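J.: Compute the structure for the input listed below.
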Amino acid sequence: MPILRTATLGCRVNQYETEFVRQGLERVGFRDALEEEAADLCIVNTCTVTHEGDAKSRQTIRQLAKRNPDARIVVMGCFATRAPEEVAALPNVAEVIADKRELPDFLQRCGVVDVPTGITRFDGRRRAYVKVQDGCILSCTFCIIPSVRPGLRSRPVEHIVDEVQALVAGGHREVVLTGIHLGHYGIDFNQGRAKTDWLRLSHLLERLANLEGEFRIRLSSIEATEVTRELIAVMAKYPERICPHLHVSMQSGSDTVLRRMRRRWGAQRFVDRCRLLQDSLDLPALTTDVIVGFPGETEQEFAETLAVCERVGFSKIHVFPFSARQGTDAATMFDQISPPVKQRRVAELESLADSLRDRYHAALFGRRLQLLVEGRLVDREGVVAGTACRYAQMELSAENFHGRLPERSTLVEVVAGRSSAGRVEALPPAGSL
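T.: Numbering: from 1, shown residues only. Down below sits the predicted model:
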């Protein structure tokens, strides 16, 4: 029986695609390598969003070659697409898959006759990521992704439905819909159709919300421009099925920086869309990404970003210092910000992010929440951790629940208690014990 080892860097889409290849190879007899076992085939799924992603990808390949000296290494992912010749020259690399659309062909070359249209499980994860879309056609000046994942490709609704049903039947209780540009789901299907027949993300979401089984749906990162009234209406219609949480990518709260980034909306329209979400849903969690130290960012522009974060009241902010990416317009812009200034601004925004998170967690106090139990805390006896529907990290103790700790990968109803250090205490609902 041939032995397989996989390694994944980067985003949820990459994690999904690795699982897709892994389950395809299982069909021709491959099994996962044990921890100290040498593999016959290694699959590395790389990332190139930052220089660090490139470096980690190279390091991973070299480490696998050292630990598995007789293995063939097949490399895919965005770094492989951007620099296939550099990747091919690394130790033991036998094949470079420069285009993810070639994955079915790769599986067929490995002897897989019946190439799957999706996955049936997501080993090692409580949440199952479901890729519904690939590709980006935007031209943000800081982003390399449109050049390594060009065009738009949406998966057929029926393939996604079948996959979600299989994942739920296999015990997954949260399904995360993901894509390179999730909000553009369906656009490639709509060419030549009347507008009344267009397929949109909101249509897919409603179809999935009506499936049977005990599970919930979460949307991954989405652009504010694609948070349509129709999408919000579907989320409001199925509050028990669709998590009241959206990760809405902002990047900056300064209009002048947003123009240099070549983003499509200004700060006020972004805030207005967040307000519409907050007015339409019951205390939704809004999370975001912010790039600090974009070329030319002044103290005033940074202050504008802080002000917008405060106005929206994000429950979590992923803060990234700007990293010049070769091949993007931003890499050659004047007025690059010095590392010390970026570090100071990162620290200031992270401090605000902690304050906003604590404020949101305090607002949850006494509210019933649906918790996905993800596992026991290693350093605390009798405590399990999980993620609430509103994306708050929670702790459930045997003491509060009379010794009854729920199993992993189950959905339980809890009440939000006090919060501390970014975690919320889970309490039993009235009359449940």
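J.: first to last residue in stretch 142-149, what's the distance?
T.: For stretch 142-149, the first-to-last residue distance is 15 Å (C-alpha to C-alpha, to the nearest Å).
J.: repeat for stretch 34-42
T.: 13 Å.
J.: Check which residues of that stretch are buried.
T.: Within stretch 34-42, the residues that qualify as buried by neighbour count (16 or more other C-beta atoms under 10 Å) are 39, 41, 42. Any C-beta I mention is one placed from the backbone N, CA and C, and that applies to glycine too.
J.: And what about residue 385, helix, strand or coil?
T.: Put simply, residue 385 is strand when judged by DSSP: H, G, I helix; E, B strand; the rest coil.
J.: Surely it is in contact with residue 377?
T.: Yes: between residue 385 and residue 377 a contact is recorded at 5.4 Å, counting by C-beta atoms under 8 Å.
J.: Now list whatever residues contact both of those two.
T.: Taking C-beta atoms under 8 Å, 6 or more residues apart in numbering as the contact definition, residue 385 and residue 377 share the neighbouring residues residue 395.
J.: Compare these two (neighbour count), which wins?
T.: residue 385 (19 against 13; other C-beta atoms under 10 Å).
J.: Let me see the contact set for residue 48.
T.: Contacts of residue 48 (C-beta under 8 Å, 6+ apart): 54, 57, 77, 78, 79, 81, 82, 83, 144, 148.
J.: Kindly recompute the last result at 7 Å.
T.: Contacts here follow C-beta atoms under 7 Å, 6 or more residues apart in numbering; on that basis residue 48 touches 54, 78, 79, 82, 144, 148.
J.: next one: residue 94
T.: Per C-beta under 7 Å, 6+ apart, neighbours of residue 94: 72, 73, 74.
J.: Near residue 339, how many residues? Count them for me, please.
T.: By the criterion of other C-beta under 10 Å, residue 339 has 10 neighbours.
J.: Which pLDDT value belongs to it?
T.: What the model reports as pLDDT for residue 339 is 97.
J.: That one: what's its closest spatial neighbour, skipping adjacent residues?
T.: In this structure, residue 339 finds its nearest non-sequential neighbour in residue 321, 7.8 Å apart by C-beta to C-beta, 6 or more residues apart in numbering.
J.: ok now do residue 216, which residues does it touch?
T.: Each residue near residue 216 by C-beta under 7 Å, 6+ apart is listed here: 173, 174, 241, 243, 370, 389, 411.
J.: related to what we said a few turns ago, show me which of the contacts of residue 94 is closest to residue 162.
T.: residue 74 (26.9 Å; C-beta to C-beta).
J.: Adjacent strands (with direction) for the strand or helix carrying that closest one?
T.: In this structure, residue 74 sits in strand 72-77 according to DSSP states H and E. Using DSSP bridges, strand 72-77 pairs in its sheet with strand 41-46 (parallel), strand 93-96 (parallel).
J.: Just the contacts of residue 48: which are in helices?
T.: Mapping the contacts of residue 48 onto helices (DSSP state H) picks out 54, 78, 79, 82, 148.
J.: Out of the residues you listed, which is nearest to residue 362?
T.: Checking those one by one against residue 362 (C-beta to C-beta), the nearest turns out to be residue 78, at 39.2 Å.
J.: what about that closest one, neighbour count?
T.: 28.
J.: Residue 45 is in contact with that one, correct?
T.: No: the pair residue 78 / residue 45 is not scored as a contact, 9.0 Å apart, by C-beta atoms under 7 Å.
J.: Straight-line length of stretch 141-156, end to end?
T.: End-to-end span of stretch 141-156 (C-alpha to C-alpha): 31 Å.
J.: avg pLDDT for that stretch?
T.: The model assigns stretch 141-156 a mean pLDDT of 95.
J.: Mind splitting the protein into its structural domains?
T.: Following automatic domain parsing, the chain resolves into domains at 3-109, 119-243, 248-363, 368-427.
J.: Can you give the distance of stretch 243-263 from its chain's centre?
T.: 16 Å (C-alpha atoms, centre = their mean, to the nearest Å).
J.: can you pull the buried residues of it?
T.: For stretch 243-263, by 16+ other C-beta under 10 Å, it's 243-258, 260-261, 263.
J.: what do you get for stretch 323-330?
T.: Residues of stretch 323-330 classed as buried by neighbour count (16+ other C-beta under 10 Å): 323, 325, 328, 329, 330.
J.: same deal with stretch 25-33?
T.: Buried, per 16+ other C-beta under 10 Å, within stretch 25-33: 25, 30, 33.
J.: Using CSV, lay out those residues together with distance to residue 362.
T.: Converted to CSV, these look like this (distance: C-beta to C-beta, whole Å):
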residue, distance to residue 362
25, 48
30, 49
33, 46
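J.: Can you tell me which of those is closest to residue 179?
T.: Closest approach between those and residue 179, by C-beta to C-beta: residue 25, at 23.7 Å.
J.: Give me the residue at the spatial middle of the chain.
T.: Nearest residue to the geometric centre of the chain (C-alpha atoms, centre = their mean): residue 12, 4.6 Å.
J.: All the strands of the stretch 101-250 of the chain, in order from the start?
T.: Assigned by DSSP state E, counting those that start in this stretch, the stretch 101-250 of the chain shows strands spanning 127-134, 153-154, 174-179, 216-219, 222-223, 245-249.
J.: Residue 303 is nearest to which of the strands paired with strand 72-77?
T.: Of these, nearest to residue 303 by C-beta to C-beta is strand 41-46, at 37.1 Å.
J.: Averaged pLDDT, that closest one. What do you get?
T.: Mean pLDDT, computed over strand 41-46, is 98.
J.: quick revisit: adding distance to residue 181 as columns, could you present the strands paired with strand 72-77 in CSV?
T.: CSV is the format used below for the strands paired with strand 72-77 (distance: least, C-beta to C-beta, whole Å):
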stretch, distance to residue 181
strand 41-46, 19
strand 93-96, 25
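J.: of all those, which lies closest to residue 208?
T.: Among the strands paired with strand 72-77, the nearest to residue 208 by C-beta to C-beta is strand 41-46 (25.5 Å).
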